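K.L.:
Dropping the sequence and predicted coords here.
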Amino acid sequence: MKKQLISNEKFNIENWRLILKEVGKRMPISNCQTLVPFGFEVTNDKSFLKKNLNRFYCYFGNDSEKESNLRLEEIFKDILLEEIERNDKVFFQKISIIVFQEDKRKTLLLQEVSENNLMINIEQRIINCSLIEDYSRYIACCLFEIEKKILPEFLRFDKNNNVRNRFYQLYLILEYSTQYLKLPFTTEEQNMFNSVHKLNKNPITHYHTGETDLPPTSEDKEKLKLILSRIHKLYELILLDANYREITIKAYNNNHVLRHDVPNDYYQNVVNYISKTYLDYAKDNE
């Protein structure tokens, strides 16, 4: 049976994951895991599936490969496109560009694009645990990166609107993942949280043109100020745990390496929350 991806103007995330799982099975490496997070899974809000989803991040890896292999990424791309076309030709025909994260290679499928076109990003992960835990480790470290002001998305905040949107998304994921701390919002913080909670409409035309620069608005600057303040409060609560684990992990979507001593209680809560919400989100497509 074909796994249709769009029906009644809603994205079928369960079928999307099943297609990627099939791609993993067909890969010429053992025990290939796949992960396709959007970020909004942490909210458990299914209304996001009715939004204009146009960027699809696909990660794959196992615990046997020791270094990234560009050939494997190309193989993954070919199998993925084949599976998508076989299951949903309409979705397939909207794919405009494939981006390979490791070296920023691009494969253009369409020369002209519109707001209805889609981008797929492919990245191989070198892992020593499950792929969902690897992703969760990265997210856990991002709070420390923001607090220390060394997160690449923070450093490029003033230069690129798409980077700012990703920064906001990382903040939201961290906010949801640290609800166990029960840190209350001020009125200003609540307003900021509500404003960045909306899914931004990001055109993918810049992947064709390379034009991405756009300075922040005064509203962006105010949001950043409140996010940094909020992260600092969370950071101070997290540090109350005296037991730590050392984490070194390559970032998702760029080549930055994160190295932090992360409190165990915080780490386990983030991993558990992200893993559970990711898995639960696709249990049904209601």
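P.N.:
Looks like it came in fine. All of these numbers come straight from a predicted model, not from anything done at the bench.
K.L.:
so what's residue 259 bridging to?
P.N.:
Bridge pairing for residue 259 (DSSP bridges) gives the partners residue 248.
K.L.:
Now for the residue with the largest distance to the centre of the chain: which residues touch it?
P.N.:
Largest separation from the mean C-alpha position in the chain: residue 242, at 29.6 Å (C-alpha atoms, centre = their mean). For residue 242, the contact set (C-beta atoms under 8 Å, 6 or more residues apart in numbering) comprises residue 263. Any C-beta I mention is one placed from the backbone N, CA and C, and that applies to glycine too.
K.L.:
Now do the same for it: helix, strand or coil?
P.N.:
Under DSSP: H, G, I helix; E, B strand; the rest coil, residue 242 falls in the coil class.
K.L.:
mind starting the numbering at 4 from now?
P.N.:
OK, 4 is where the count begins now, so the last one is residue 245.
K.L.:
where does it fall, phi/psi-wise?
P.N.:
With angles defined as degrees, to the nearest 10, residue 245 sits at phi -90, psi -10.
K.L.:
Looking at it now. What's its pLDDT?
P.N.:
You'll see residue 245 listed with a pLDDT of 82.
K.L.:
swap in residue 11?
P.N.:
For residue 11, the model assigns a pLDDT of 86.
K.L.:
And it, how close does it get to residue 224?
P.N.:
From residue 11 over to residue 224 the distance is 40 Å, taken as C-beta to C-beta, to the nearest Å.
K.L.:
How about residue 242: what's its closest non-neighbour residue?
P.N.:
Leaving aside its sequence neighbours, residue 242 sits nearest to residue 266 (C-beta to C-beta, 6 or more residues apart in numbering; 6.7 Å).
K.L.:
if we can go back for a sec, and residue 11 and residue 224? which has more neighbours close in?
P.N.:
Between residue 11 and residue 224, counting by other C-beta atoms under 10 Å, residue 224 is the more crowded of the two (13 against 6).
K.L.:
element containing that one?
P.N.:
In the assignment (DSSP states H and E), residue 224 maps to helix 221-241.
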